[in-house]
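**Q** Give me the fold of what follows.
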Amino acid sequence: MIDPASVDPRSVNWPRVAQSSYLVHQQMCYQYQVPIHALEHRLVVFPPRDHGDQRRITYQLHVSNAEHQATTRKDAFGNMVVDLSVPLVENTIEFEAWMVVQRRADTGPHRVRGAWLRDRRLRDPTPLTLPDDTLCRAAADLIATDAEPLGLAARISSWVHRAMTYQRGVTDVGTGAAEALALGRGVCQDYAHVMIALCRLCDIPVRYVSGHLLGEGAMHAWVEVLLPSAQHPAEGIAWPFDPTYDRAPSLSYLTVAVGRDYADVSPTRGTFRAANGGCLSSHACVSLTAVQYA
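**A** Prediction:
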């Protein structure tokens, strides 16, 4: 177990921070009414080694069932995926993840390969971001007021923030952008999906980001808009936006994975043989462990 001391974020002079370190502790527990067999599970809970100014220092995974096999791999978006095989779960299985992550404030913009700017996966709609007439009209209105991509992305973020009210329990992981916007309510995942749908309608490449936000007890979602770099023509820049709070993510945000939408980066999912389904409970805690000032 990794257990360093924590720093009170309220005591930090954030504008002067050059480097910060974090401990993330995440627990996911599945309970079943009857024993299940041949569990094949996928976890996307650990960040890649590097993502912009963010670096993963170390990580640990504990699986409550002693009899299991675990392998790690990178998916098509560069995310770290842990694949688990468990032959038998009597009634409960728990996954407990620990990781230490650092961020720096002096590395400049997050540059990415220019190929991402042309990748159709970041431009085409997905089942969770499929637009309807309302989204199409909103995109047309937004692009008419500001066609410059970065400014337009900022306007889209603000528009989504005003159009939605944060409320748990009215949507689920299968709710698409059009349905969430029609409800006018949802959680961070829904805000991100609505913004992604609008950006893609405006021909702006954009990807879904899952991660953690200091001070929250659950995973968070925001987006990255990918635009050409003026200084490095062969590269792009990933510009982060959080439409839930209508702000640019700061050092208090930790990226775990990126993809087209939530389906690409869902932290936990799997298949098994049994007559009944299971019940998931989860919790995440992010602690600030060290701060270095400029």
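
**Q** ok, which stretches of the stretch 151-294 of the chain are helices?
**A** 177-183, 188-201, 262-265 (DSSP state H, counting those that start in this stretch).

**Q** elements contacting the last one?
**A** It refers to helix 262-265. Helices and strands touching helix 262-265, by 3 or more C-beta pairs under 8 Å, 6 or more residues apart in numbering; DSSP states H and E, are helix 188-201, strand 206-213, strand 253-259. In this view, the C-beta of every residue, glycine as well, is placed from N, C-alpha and C.

**Q** How about it, which residues are buried there?
**A** By 16 or more other C-beta atoms under 10 Å, the buried positions in helix 262-265 come out as 262, 264, 265.

**Q** Also the first one?
**A** Within helix 177-183, the residues that count as buried by 16+ other C-beta under 10 Å are 177, 178, 179, 180, 181.

**Q** got it, and the second one?
**A** Neighbour-count burial for helix 188-201, counted by 16+ other C-beta under 10 Å, picks out 188-201.

**Q** Go through those residues and name the one nearest residue 135.
**A** residue 197 (5.2 Å; C-beta to C-beta).

**Q** And that closest one, how close does it get to residue 159?
**A** From residue 197 over to residue 159 the distance is 12 Å, taken as C-beta to C-beta, to the nearest Å.

**Q** Who are the contact partners of residue 150?
**A** Neighbouring residues of residue 150 by C-beta atoms under 8 Å, 6 or more residues apart in numbering: 225, 227, 239.

**Q** do that again at 7 Å, thanks
**A** 227, 239 (C-beta atoms under 7 Å, 6 or more residues apart in numbering).

**Q** cool, and residue 156?
**A** 142, 195, 198, 199.

**Q** if you set the cut-off to 8 Å instead, what comes out?
**A** 142, 195, 198, 199, 202, 241, 243.

**Q** now the stretch 151-294 of the chain, which segments are flagged as low pLDDT?
**A** Along the stretch 151-294 of the chain, no part satisfies pLDDT under 70.

**Q** Same question for the stretch 1-150 of the chain.
**A** 1-5.

**Q** Which stretches in it count as helices?
**A** Counting by DSSP H, counting those that start in this stretch, the helices of the stretch 1-150 of the chain are 115-118, 133-145, 149-163.

**Q** Count the residues that sit near the residue lying closest to residue 161 once chain neighbours are set aside.
**A** Spatially, and ignoring its direct neighbours in sequence, residue 161 is nearest to residue 246 (3.7 Å; C-beta to C-beta, 6 or more residues apart in numbering). Residue 246 has 15 neighbours, counted by other C-beta atoms under 10 Å.

**Q** how much space between residue 246 and residue 209?
**A** Residue 246 is 16 Å from residue 209, by C-beta to C-beta.

**Q** Residue 247 too?
**A** Distance from residue 247 to residue 209, by C-beta to C-beta: 14 Å.

**Q** Looking only at neighbour counts, state which of the two leads.
**A** residue 209 (24 against 15).

**Q** Touching, that one and residue 221? I think so.
**A** Yes - counting by C-beta atoms under 8 Å, residue 209 does reach residue 221; the two are 6.5 Å apart.
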